[in-house]
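A.B. asks: Prediction below, plus the sequence it came from.
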Amino acid sequence: MTRALVLLLVPLLGILLPGTAQAFPWMIKHGYVGCQVCHVDPSGAGILTKYGRAQSELLLRSRWGPPPEDGSVSKSTQFLLGAFQLPEAIEGQVAVRGGVMLNRTAIPGSRATDQVIPLQMVTDARVAVIHDWLRASASIGIAIRRGQAAALFPRQAEDGFKVVSREFWAGASLMDDQMLVRVGRINLPFGIRGPEHNAWVRTSTRTDINEDQQYGVAVAYTNEGLRAEVMGIAGNFQISPADYHQRGAAGFVEFAFAPQVAGGVSFLATFAGADNELRTRNPVRQAYGVFGRWGVTTDLALQAEANVLHYGAEDRDGAFGASALAQADLEVVRGLHLIATGELLRDPSPEQHAFQRGAWLGLSWFAFQGVEFRVDGIVRQIPRGEGQADISNLIVLCQVNLFF
Amino acid sequence: MSRMPRPIVFGLMLMLSAGLAHAQKGAFQVTGDPDVAFKGKAVGMKLVGRTNDLTCKDDGQRLVFEVNLDSLKTGIELRDKHMTEKYLETDKYPKATLTLDKSQLVLPASGNQKGSLKAKLRLRGTSKDVPVSYEIRATKAGYTIKATMPVNYKDFGIDVPSYMGVTVKPDLDVEVAFQAKGA
């Protein structure tokens, strides 16, 4: 039993790993209530615009020395640190993230198990086109473990070399760049999109931007105080058979009450012929959430998200669940962030009667242009049922994130 | 050197002292820590520029408020540099002034007073009338004043601020809060 639980937990831990995201919802503390100023994806994450590249020097990384005299940003903010000049309409980015995870799992009544797992999380090349009304973006990369939902060749094994494409879409920018209509494989619009893309609020809603993108049509709208996106989901055509394709819709709307305060609501509802994760038939998943962000000062940002979940299927009773996250991000000195996060999860399962509890304490340092070092300590308590002590996980995750 | 007749000297001294007494009693002064903010918008962002460098001159008929534009901060050094050097051209036009007739301002003896008036804003060498809404609260030390006014920067010949594809919309909201004494 104990061994089985350990075997069960190890793959679960793989889900914990922060990966591809470079989305910083705490930028609201600088008045950035929307994402499309810095990202080609109007709801954030992934390839940066030229403006976003400039902000990575002006607001993100540690400063070494005075800014250039001529009032510009450094050449190193450009693609591949400025070594290669792209045409005006093209944006490019190479993203590499790797590290090591130290994991201790303690199951009461048995010896704790320790693991050291080297990680290759992201090795992606990204390209985007911004020309007149045309917008397009695509990524291609390799994944050694996981990433199968993004694999271009579905027959590849779960743990093995895979060619992955997490997103590719094309669309039209309308209304003076306030609206973007696009079609393709797109990040699902739901909740707060941040670097902890595998926090429970993301995994429980299957809106992890590492690989939970879906094919569909999305309409995003952003103005100076409102951002919203709604997506019609056609399924992830990179997995088969077609029964696994989830269809439905997801979306959010967020309103900025002040330059540093915003709040919003999200929804997601999908159905499929079968669930490739839980192995149920005709599953219907629903999630409804609220979220908020507050830039308390230019050093401190708070954010929170809470979701109600419901899962039902032909061969499984319907059940409610919930997931929540609260986070404080303190920029101790320019470029160095101390991040404290608390999270809760109750799976929408008839067998789940208690909340899982988690806490993260992280230190993230944007040391140089396109270089982030991050260390997270993560504790998670997983209840086993009435009368049984919780399973405890302690994870120390060290990673280097390069994005040029 | 001929001496001025004594009655005239006495009369001048009387007038001067009366004038000084009036000036000391009635001159309108900004006190405390004033806050001047302009709020701008772009798609996906809200921009706030802020300074506390506000002064007021009172000549008895008019109030002239002055803001040192070089002191405006938006939170990003490079943006401040572009704003002051490229758009406001503070080397040529270092100050913005707002001039209003003192008679338009109704100062309450107690409680709150809300109102609106027309004032002349001079910015980057161009003057234009702007509507000002204000709220004045009488305090023991004088007054607490909050005022707002819409400003379209194009009216003052300022180019559209644009940086790597992000442009600031022309309509700005200016908000001022300060303590004052005098009347």
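C.D. replies: Now that the structure is in, tell me what you want to look at.

A.B. asks: mind listing the strands for the stretch 1-150 of chain A?
C.D. replies: A:90-106, A:113-131, A:134-145 (DSSP state E, counting those that start in this stretch).

A.B. asks: Figure out which of these is closest to chain B.
C.D. replies: Across the strands of the stretch 1-150 of chain A, chain B has its closest neighbour in strand A:113-131 (7.8 Å, Cβ to the nearest Cβ). The way it works is simple: take the backbone N, C-alpha and C, and place the C-beta from them, glycine included.

A.B. asks: Just name whatever secondary elements that closest one is in contact with.
C.D. replies: On a contact count with 3 or more Cβ pairs under 8 Å, 6 or more residues apart in numbering or on different chains; DSSP states H and E, strand A:113-131 meets helix A:2-15, strand A:90-106, strand A:134-145.

A.B. asks: any idea of the mean pLDDT for the first one?
C.D. replies: Averaged across helix A:2-15, pLDDT comes to 44.

A.B. asks: now do the second one
C.D. replies: For strand A:90-106, the mean per-residue pLDDT is 94.

A.B. asks: With stretch A:124-142 instead?
C.D. replies: 96.

A.B. asks: How far does it stretch from one end to the other?
C.D. replies: 7 Å (Cα to Cα, to the nearest Å).

A.B. asks: What of stretch B:131-146?
C.D. replies: End-to-end for stretch B:131-146, by Cα to Cα: 14 Å.

A.B. asks: now swap in stretch A:108-116 and tell me
C.D. replies: End-to-end distance for stretch A:108-116, by Cα to Cα: 21 Å.

A.B. asks: returning to what we had before: output the strands of the stretch 1-150 of chain A in a markdown table; the columns should cover mean neighbour count.
C.D. replies: Below are the strands of the stretch 1-150 of chain A laid out as a markdown table (neighbours: other Cβ atoms under 10 Å in any protein chain shown):
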| stretch | mean neighbour count |
| --- | --- |
| strand A:90-106 | 18 |
| strand A:113-131 | 17 |
| strand A:134-145 | 18 |
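
A.B. asks: Quick one: closest of those to A:Gln356.
C.D. replies: Closest to A:Gln356 of these is strand A:90-106 (Cβ to Cβ; 13.9 Å).

A.B. asks: Just want the angle from that closest one to strand A:134-145.
C.D. replies: For strand A:90-106 against strand A:134-145, the angle by axes from the mean of the first three to the mean of the last three Cα atoms, to 10 degrees is 30 degrees.

A.B. asks: Which residue, neighbours along the chain excluded, lies closest to the residue in chain B that chain A sits nearest to?
C.D. replies: Nearest residue of chain B to chain A: B:Gly44, at 2.7 Å (Cβ to the nearest Cβ). Nearest residue to B:Gly44 in three dimensions, chain neighbours excluded: A:Gly34, at 2.7 Å (Cβ to Cβ, 6 or more residues apart in numbering or on different chains).

A.B. asks: next SSE after whatever helix or strand B:Val130 lives in?
C.D. replies: B:Val130 is part of strand B:126-138 when elements are defined by DSSP states H and E. Remark: after strand B:126-138, the chain's next helix or strand is strand B:143-152, criterion DSSP H and E.

A.B. asks: now what about the next helix or strand after that following strand, what contacts it?
C.D. replies: Going down the chain from strand B:143-152, the next helix or strand is strand B:162-163, by DSSP H and E. With contact meaning Cβ atoms under 8 Å, 6 or more residues apart in numbering or on different chains, strand B:162-163 is reached by A:Tyr51, A:Ala54, B:Arg79, B:His82, B:Val168.

A.B. asks: Could I have the buried ones of these as PyMOL selection syntax?
C.D. replies: The following PyMOL line selects those of the contacts of strand B:162-163 that are buried, judged by 16 or more other Cβ atoms under 10 Å in any protein chain shown:
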select buried, (chain A and resi 51+54) or (chain B and resi 79+82+168)
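
A.B. asks: Return the member of the contacts of strand B:162-163 nearest to A:Gly248.
C.D. replies: A:Tyr51 (33.5 Å).

A.B. asks: got the contact list for the closest one?
C.D. replies: A:Val37, A:Cys38, B:Tyr163, B:Met164, B:Gly165, B:Val166.

A.B. asks: and the fifth one, how far is that from A:Asp132?
C.D. replies: It refers to B:Gly165. 12 Å (Cβ to Cβ, to the nearest Å).

A.B. asks: the bottom helix or strand of the chain by mean pLDDT?
C.D. replies: In the absence of a named chain, chain A is used. helix A:2-15 (a mean of 44; mean pLDDT, DSSP states H and E).

A.B. asks: For whichever residue of chain A sits closest to chain B, give me its contacts.
C.D. replies: Residue nearest to chain B within chain A: A:Gly34 (2.7 Å; Cβ to the nearest Cβ). Contact partners of A:Gly34, counting by Cβ under 8 Å, 6+ apart, are A:Pro42, A:Thr222, A:Glu224, A:Arg227, B:Val43, B:Gly44, B:Met45.
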